[in-house]
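Participant: Model the following, please.
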Amino acid sequence: MTFLLLSFIFIYFCTLLGVSLFTYTVFWYEACNSDHCDYLRQISKDRVGRWLARAIIGNLISQNLVVLFFPLCFWRRLWDPEPDPTCPNPPVLLVHGLFHNASAWVIFRWVLRRYGFRNTYAFSYNCFNTNFSALLQRLDREVNSLADLFPGQRIALVGHSMGGLLAKAYVEDSRHHDKISALVTLGTPHQGSKLAALGVNSLVRSLIFKGELVRELQRRAEPSPAPKLSIYSPIDNLVLPNDSLQAAGPGWSSLESSPLSHIAMLHHRRLAVLVAEYLRVRARQK
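Facilitator: Below you'll find the predicted structure:
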């Protein structure tokens, strides 16, 4: 029994390490074949190797946190709390990325509530046997449900990875302009990602860099009056090339975070604080 347990632990950590090393190897290859490598050397003051080592370690820690937090997705009241109509801040809806669930937002939910966003909810979805359009329709139903709970208030959206792309597509639909107060995306593949070519299903593969889905979303996009912030890491290991992380268009602002892996953005408290402060400032400007 002890041998089996040790074998499982060894295989588990080797798998996580292998994923981290593989994705950062592809990241480095992509960076070296573009101007991004020189940019990294400049902003890191020639400490790119140290940045990458720390990112790989951070990615390992975050992967373990994903596993540790996973059961929290079944704690319904954590992600669907009783509405507080006295809260002065707008309701917030958190949208996770591929193959994750509501538990992705443990840190962000804690920080947002500390900053006074007591009506913080999470939209959770299954990535299998579905497509981007169907998920958009589900997101619409979720936003409408919150709008019914908080009449007269607009919803703030925060999305990570593909969740940010879903939120962006939703906000840039003119039918929803009057529902949204602000949008923040984290590590979102606004132009898709080359790594999507390795996807295990059609939903993942639809996110290929500058693919049909991305082009269709760009054609349909109608500028929203809501403020929009795209936060990205200079060493994101899952969205390649790195330029794909930056959103462009009316009303968009971009912010480069500290060097973090794609998943580690979800577990970085200072990044969560930055998002909470951004939403609070925008709420006061209304």
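
Participant: which ones are touching residue 244?
Facilitator: 189-193, 209 (C-beta atoms under 8 Å, 6 or more residues apart in numbering). In short, each C-beta sits where N, CA and C put it, glycine included.

Participant: If we use 10 Å, what do you get?
Facilitator: Counting by C-beta atoms under 10 Å, 6 or more residues apart in numbering, residue 244 touches 188-194, 207, 209-210, 214, 232, 236.

Participant: same thing with residue 122?
Facilitator: Residue 122 neighbours (C-beta under 10 Å, 6+ apart): 73, 78-80, 92-96, 101-106, 108-109, 142, 158, 163.

Participant: Please repeat the previous calculation with a cut-off of 8 Å.
Facilitator: 79-80, 93-96, 102, 105, 109.

Participant: Wait, a strand at it?
Facilitator: Yes: inclusion of residue 122 in a strand is indicated when DSSP: H, G, I helix; E, B strand; the rest coil is applied.

Participant: and residue 12, how many residues sit next to it?
Facilitator: 13 (other C-beta atoms under 10 Å).

Participant: Going by secondary structure, it is in what exactly?
Facilitator: Using DSSP states H and E, residue 12 sits in helix 2-32.

Participant: Quick one: list the elements packing against the next helix or strand after that helix.
Facilitator: For helix 2-32, the succeeding helix or strand toward the C-terminus, using DSSP H and E, is helix 36-44. With contacts taken as 3 or more C-beta pairs under 8 Å, 6 or more residues apart in numbering; DSSP states H and E, helix 36-44 sits against helix 2-32, helix 48-69.

Participant: what does helix 36-44 contact?
Facilitator: The contact list for helix 36-44 (C-beta under 8 Å, 6+ apart) reads 30-31, 48, 50-51, 234-235, 241-243, 259.

Participant: Kindly reformat the residues you listed as a markdown table and extend each row with pLDDT.
Facilitator: Putting those into a markdown table (pLDDT from 0 to 100) gives the following:
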| residue | pLDDT |
| --- | --- |
| 30 | 96 |
| 31 | 96 |
| 48 | 96 |
| 50 | 96 |
| 51 | 96 |
| 234 | 97 |
| 235 | 97 |
| 241 | 96 |
| 242 | 96 |
| 243 | 94 |
| 259 | 96 |
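
Participant: now for these, which pair is the farthest apart?
Facilitator: The span of these, defined through C-beta to C-beta, is set by 50 and 243 at 23.4 Å.

Participant: And the strands in the stretch 151-286 of the chain?
Facilitator: 155-160, 180-186, 228-232, 252-256 (DSSP state E, counting those that start in this stretch).

Participant: Please indicate which of these has the most neighbours on average?
Facilitator: Highest mean neighbour count of the strands of the stretch 151-286 of the chain: strand 155-160, a mean of 28 (counted as mean count of other C-beta atoms under 10 Å).

Participant: What strands line up against that strand, and which way round?
Facilitator: Strand pairing for strand 155-160, using DSSP bridges, gives strand 92-95 (parallel), strand 180-186 (parallel).

Participant: Pull out the CA atoms of that strand and give them to me as CSV.
Facilitator: Output of strand 155-160 as CSV, limited to C-alpha atoms (Å, rounded to 0.1, in the frame of the first residue of the first chain):
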residue,chain,number,x,y,z
ILE,A,155,-23.2,43.5,-13.6
ALA,A,156,-19.4,43.6,-13.4
LEU,A,157,-17.8,40.7,-15.2
VAL,A,158,-14.4,39.2,-14.5
GLY,A,159,-13.1,36.4,-16.7
HIS,A,160,-9.9,34.2,-16.7
